[in-house]
Each structure stands twice: as structure tokens, then as C-alpha cells.
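Enquirer: Just to be clear, the model below is a prediction. Sequence and coordinates:
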Amino acid sequence: MYAIIETGGKQYKVKEGDLVKVELLKSQEGSTLEITDVLAVVNGDSSNFGTPRVDGAKVVCSVVRHDKAKKIIVFKYKPKKNYRKKQGHRQPYTLLKVEKIQA
């Protein structure tokens, strides 16, 4: 059984027991979170697709931790003009553990 959820403007395919990195959420570490933006639920041969959401479906997750992703380097330059700009960026995220899918 898996579900497709939407959070932070992105869609994720999740199964029970999965660890998912999503955009930073305002919730405490160790707390329980219910995601009601479920776009589809697939259980074996039966599937339930929402228009745009599945009514009554939710995914129960627990917040494992808040962290930052690996640093990426943004380097801009213009040739022959001696313009160089180097920036680093670390995107914050929330690590969720999917506990239960209710359809």
C-alpha cells in the first residue's frame, strides 16, 4: 500500500515505514503530524485517485528531526569582465517517518 501526498508544493510517494525529506515544517521533533493532502491511495489491485484530493484519507507521520541538506555552491561569473561571485546554500528540511496510511 502506498499513497501520493503533497506538502511544501511538492508531491511524494510514501509507504508505511518510509523516511521522507520534505520542506521545513513548523512542528516539534518527536511530534505526530497528519497530512490530509492525499492525492492518491493504491492498495494492491484497488486504487483511489482524488479530484484533486481523496476524501477522508490521511497519512500519519512522526517528525524525526529538522536539519539542513548538503551544501551546494552557486558560482556566477562573466567572462572577460573579472566578475566572480561565489555563494553557498544549505536548504533546511524536515525528516518524517510515515507511521500509517488511512484511506
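Expert: Cool, the structure landed.

Enquirer: list the helices and strands the helix or strand hosting His66 packs on?
Expert: Following DSSP states H and E, one finds His66 within strand 58-68. Using 3 or more C-beta pairs under 8 Å, 6 or more residues apart in numbering; DSSP states H and E, the elements in contact with strand 58-68 are strand 32-35, strand 92-102. C-betas here are computed from N, CA, C, even on glycine.

Enquirer: Just the buried residues of the last one, please?
Expert: Just to be clear, that refers to strand 92-102. In terms of neighbour count (16 or more other C-beta atoms under 10 Å), strand 92-102 has its buried residues at Tyr93, Thr94, Leu95, Leu96, Val98, Ile101.

Enquirer: quick one: low-confidence ranges for the protein?
Expert: Counting by pLDDT under 70, not a single residue of the chain qualifies.

Enquirer: relative to its centroid, which residue of it is most remote?
Expert: Lys80 (41.7 Å; C-alpha atoms, centre = their mean).

Enquirer: secondary structure class for that residue?
Expert: coil (DSSP: H, G, I helix; E, B strand; the rest coil).

Enquirer: List the contacts of it.
Expert: Applying C-beta atoms under 8 Å, 6 or more residues apart in numbering, one finds that Lys80 lies in contact with no residue.

Enquirer: cool, and the one 5 residues further on?
Expert: By C-beta under 8 Å, 6+ apart, the contact set of Lys85 is Phe75, Lys76, Tyr77.

Enquirer: Please name the residues that touch the most centrally placed residue in the chain.
Expert: Nearest residue to the geometric centre of the chain (C-alpha atoms, centre = their mean): Val22, 2.6 Å. Shown in contact with Val22 (C-beta under 8 Å, 6+ apart): Thr7, Gly8, Lys10, Tyr12, Tyr93, Thr94, Leu96.

Enquirer: where's it, which helix or strand?
Expert: strand 19-23.

Enquirer: quick one: strands adjacent to that strand?
Expert: In the sheet, strand 19-23 lines up against strand 92-102 (antiparallel) (DSSP bridges).

Enquirer: Which residues does the partner strand contact?
Expert: So strand 92-102 is contacted by 1-3, 14-25, 27, 32-33, 41, 57-69 (C-beta under 8 Å, 6+ apart).
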